[in-house]
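Asks: Here is a sequence with its predicted model. Questions after.
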Amino acid sequence: MKKTSHIIALVMMTALLSAQEPDTDAVFKKIIREYTLNPDGSQDYHYFRRVRLVTHFSFNRLYGETFIVYNPQYQTLKINKAYTIDSKGQEVPVPENAFNEVLPRFASDAPAFNNLREMVVTHTGLEVGATIVLDYSIHTQPGYFPALMGNEVLCESSTVEDEEFVIRVPADRTLNYRVFNLRTSPDVTEEEGSKVYTFSFRDLLEQSHDPFQPAHDTHLPRLAFSTATLEDACSLLTGQEAFQYRCTESMKKAVAAIREQEKDDRIAAVKIRKLVVNDLNLHPVPPEYTGYTLRTPAEVWESNGGTSLEKCLLMTALLRDAGISAFPVILFPSALFDESMGCLPLASRYLVQVNPREREQLYLSPTELSDQSLVCTMRGEKAVLLDPDRQARIENPEIPGNGVKVTGTFGVAGDMSVKGRLHVEVSGVANPYLDLIADTTAVKRLFNGISSREVISVTLEQCNLTTSVFSCEIECSPPEISRAGFVFVPVPEYSKGSRSWHMDHLLPGRESPLQPPFNIWEEYDITWSLPQGYTAVVPGDETFAENDYGKVSVSVAFQDGKVRVMRLLAVSGDMVPAGDAGQFRELINTWNDSRYREIILVKE
């Protein structure tokens, strides 16, 4: 009886503590952002924030410091107010030594950007129940930014009760704007020769931490605006000297060395890409902090590093010097793209369009290596080609589907060694096309459950950007036998299919939409012939599930001395609303069931 009372008391205390757990770490009582484009082309930005702290985590990890990045060569920062109201209502001003300028972390080891500064404001008097108040403004000189542009995600890492955006532009200028994932419109007024757009938002939920949310946060409420159209913004960008693509003698020498070895445009382009990615540093400086001013490819080469867009132009210059047609491309999320709104901060990444003489057009990154043209990853993005000699052109390349089909037969010897053959057909992102045209043995590293040394030979039957087909001869050494006499033989799995998602297990109770990295049709049909005297442990009947977001079918069967494993996963790749995430969870958790990723053998 006494023990039972203790258990009841413990349960009640746990329930009480759970009920007292706050729903959020902090509450933004008020946020104001003001953007002003002045008649002389200068710009002013004003920011005000009042945030009440609810948990210790809020001031120990989230809001104890504020970081403000600016360029003192063109911008002037002014702290208007900075104080804390403690839980008793007393005002605690931020002392002078709490304002410290440092070099932004993303500009470290980047001499070309050492002019940037980050003001670190350390808030004082913090405690649960305190309120942080911060008010600052930044004035920007004329000509630094190509236009008044902004890309603002409205929700924060904590709840927002009241948020206001005020945008002022001269009366003769047009403001192009879009509000995404919220139904609202601004109040438009006139004020001393300016048009004033005021957007008001209430009760914005905090951002979710769920994994596998839609790319580029396209599901979140957002305000994007610009005083330029897409054509205007691209013209201002491409009008810089960097787009002349001039090469120095050392650049020409590096290109000549590659061209001397590789006459095939595709392989030469891949090697130039490797040079730019591996031999030049990437400075992850957001272009909005440089006013979208770009150094020339020669300057980037001599400094041994650049931003992603600068490396994009350098790679274009080297390719053109090699006699390969190439253009820089800026990508925008399709869900946020609006041709009438030239909002460059919406850009998701920068690629190079390569047009080899031999075959297919390629899209390559100047910042990361890939074994396939990145056109296969551009589903859900709009590509805009940048060329100073023509208007901004929206590219619509054909995006191949993604597929994996693996069939195989194996024989298991009496000593449990395994020999057999796999026939593999892959397409889209699963196709290592760029590696295959240079070295067919690259596929040896692409299987889970089989090491590269166990792949004895590879026969390439078809190889193009869309689809590649190859066969592999396999010889595996005997696996270990458990004390109970069980032999566990892994089922080969292609690593560039759904396995590359690392979506090992999905938990219930999502708060945000879910989106797999890409659509996929993945299929396996593999048979093992067992030695006499052995049987297989079969997990059960075929498991099948199908819903609006795909289908899955898995089975292990044993008959006439043979084990046959069949697995099929088909996923559309579309965004799954949070309320339907359970349907997708059923598919992926069934597919990942470990019982269908190995066969278990035992003596009869």
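Replies: Received the coordinates, thanks. Residues are numbered from 1 along each chain as shown.
Asks: Strands of the stretch 351-500 of the chain, start to end?
Replies: Secondary structure of the stretch 351-500 of the chain, counting by DSSP state E, counting those that start in this stretch: strands at 362-364, 381-385, 393-395, 403-412, 418-427, 447-448, 455-463, 467-476, 487-490, 493-494.
Asks: in its sheet, what does the third one sit against?
Replies: Using DSSP bridges, the neighbouring strands of strand 393-395 in the sheet come out as strand 381-385 (antiparallel).
Asks: Check the model's average confidence along the partner strand for me.
Replies: Mean pLDDT, computed over strand 381-385, is 96.
Asks: CA atoms of that strand as CSV?
Replies: Only the C-alpha atoms of strand 381-385 are listed here, as CSV (Å, rounded to 0.1, in the frame of the first residue of the first chain):
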residue,chain,number,x,y,z
GLU,A,381,13.7,25.8,-58.2
LYS,A,382,13.7,28.4,-61.0
ALA,A,383,17.0,29.0,-62.8
VAL,A,384,17.8,32.5,-64.2
LEU,A,385,20.8,32.7,-66.5
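Asks: quick one: contacts of that strand?
Replies: For strand 381-385, the surrounding residues in contact (Cβ atoms under 8 Å, 6 or more residues apart in numbering) are 230, 234, 327-334, 337, 348, 351, 353, 363, 392-397. Using the backbone N, CA and C atoms, a C-beta is placed for each residue, glycine as well.
Asks: Give me the subset of these lying in helices.
Replies: 230, 234 (DSSP state H).
Asks: any idea how far residue 151 is from residue 238?
Replies: Between residue 151 and residue 238 the distance, using Cβ to Cβ, to the nearest Å, works out to 20 Å.
Asks: before we move on, the earlier item: of the contacts of strand 381-385, just the buried ones, ChimeraX syntax please.
Replies: Applying 16 or more other Cβ atoms under 10 Å to these leaves a buried subset, and the ChimeraX line that selects it is:
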select :230,234,327,328,329,330,331,332,333,337,348,351,353,363,392,395
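Asks: how close does the residue positioned nearest the centre of the chain get to residue 505?
Replies: Nearest to the geometric centre of the chain sits residue 215, at 5.9 Å (Cα atoms, centre = their mean). Per Cβ to Cβ, residue 215 is found 21 Å from residue 505.
Asks: same check, this time on residue 432
Replies: 27 Å.
Asks: Then residue 297?
Replies: 46 Å.
Asks: Settle it for me: which of these two has more neighbours?
Replies: Neighbour totals were compared for residue 297 and residue 505, and residue 297 leads with 29 against 8 (other Cβ atoms under 10 Å).
Asks: For this protein, which segments are assigned as helices?
Replies: Going by DSSP H, the chain shows helices at 2-20, 56-57, 230-238, 249-261, 265-279, 297-303, 308-321, 433-436, 581-591.
Asks: hang on, the earlier thing: out of the strands of the stretch 351-500 of the chain, deepest packed?
Replies: strand 362-364 (a mean of 25; mean count of other Cβ atoms under 10 Å).
Asks: For that strand, enumerate the helices and strands it packs against.
Replies: Applying 3 or more Cβ pairs under 8 Å, 6 or more residues apart in numbering; DSSP states H and E, one finds that strand 362-364 contacts helix 265-279, strand 349-355.
Asks: now do 10 Å
Replies: helix 265-279, helix 308-321, strand 325-333, strand 349-355, helix 433-436 (3 or more Cβ pairs under 10 Å, 6 or more residues apart in numbering; DSSP states H and E).
Asks: quick one: the spatially closest residue to residue 83 that is not a sequence neighbour from residue 77, how far?
Replies: Leaving aside its sequence neighbours, residue 83 sits nearest to residue 93 (Cβ to Cβ, 6 or more residues apart in numbering; 4.7 Å). The gap separating residue 93 from residue 77 is 18 Å, by Cβ to Cβ.
Asks: Having no further points to raise, I will conclude here.
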